[in-house]
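>>> just need the structure, nothing else, for what follows:
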Amino acid sequence: QVQVVESGGGSVQVGGSLRLSCEISGYTYERACMRWFRQAQGKSREMVAGIAAGGATTYADSVKGRFTISQDSEKTTLYYLQMNSLKFEDTAMYYCAYDRSSPFCSGDYLWGHGTQVTVST
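Numbers count the residues shown, from 1 in each chain. Just a heads-up that it's a prediction; the model follows:
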C-alpha cells in the first residue's frame, strides 16, 4: 500500500528558504510521477511543482526560478521541494501528491496530509 508523508514545513521570514520532504513508500517502480500542491487560506488548491518518472519537471509561474523539485539520488522514495526567496504569498499548506498511475502521470493522486509553510515579514 502506497503511503505519502510530508515534512519540513515551518515558519520563515520573507527572503528565507525551506526544504520540504515527501516520502512515498510502497510503490513498485523506482521513480514516480508526483506533484507538490499548496492551498492558502480561502483559496483553491494549486499545483506548485511536479516531476515525472523520467525526470522532467514543471513549475507554476509564480515559483519558477525560486522553487526546485527533485528526487533523492540515493533514497529514491524521497522527494524534495527546495523553496528559496520565499514571499509572503507562499504561505500555505503544502501537499505532496503521488500519481496512482505512476510511473505514468494521469492526475489521479494519493495525497499526503500536508505541511504548513508560513512566511512572515
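
>>> assumed Ala32 was part of a helix.
No - counting by DSSP: H, G, I helix; E, B strand; the rest coil, Ala32 falls outside a helix, being coil.

>>> enumerate every residue touching the nearest residue to it once chain neighbours are set aside.
Spatially, and ignoring its direct neighbours in sequence, Ala32 is nearest to Ser102 (4.0 Å; Cβ to Cβ, 6 or more residues apart in numbering). The way it works is simple: take the backbone N, C-alpha and C, and place the C-beta from them, glycine included. Taking Cβ atoms under 8 Å, 6 or more residues apart in numbering as the criterion, Ser102 is in contact with 27, 29, 31-34, 53.

>>> from those residues, pick the one nearest Ser17.
Met34 (21.1 Å; Cβ to Cβ).

>>> do I have it right that the closest one meets Tyr95?
No - the pair formed by Met34 and Tyr95 falls short of the contact definition of Cβ atoms under 8 Å, at 10.7 Å.

>>> in terms of packing, which of these two has more residues around it?
Counted by other Cβ atoms under 10 Å, Met34 and Tyr95 do not tie: Met34 has more neighbours, with 26 against 23.

>>> hey, what's that one bridged with?
The residues listed as beta-bridge partners of Met34 by DSSP bridges are Ile51, Tyr98.

>>> re earlier: pull the most distant pair out of the contacts of Ser102.
Using Cβ to Cβ for every pair in those, the one that comes out farthest apart is Tyr29 and Met34, at 11.7 Å.
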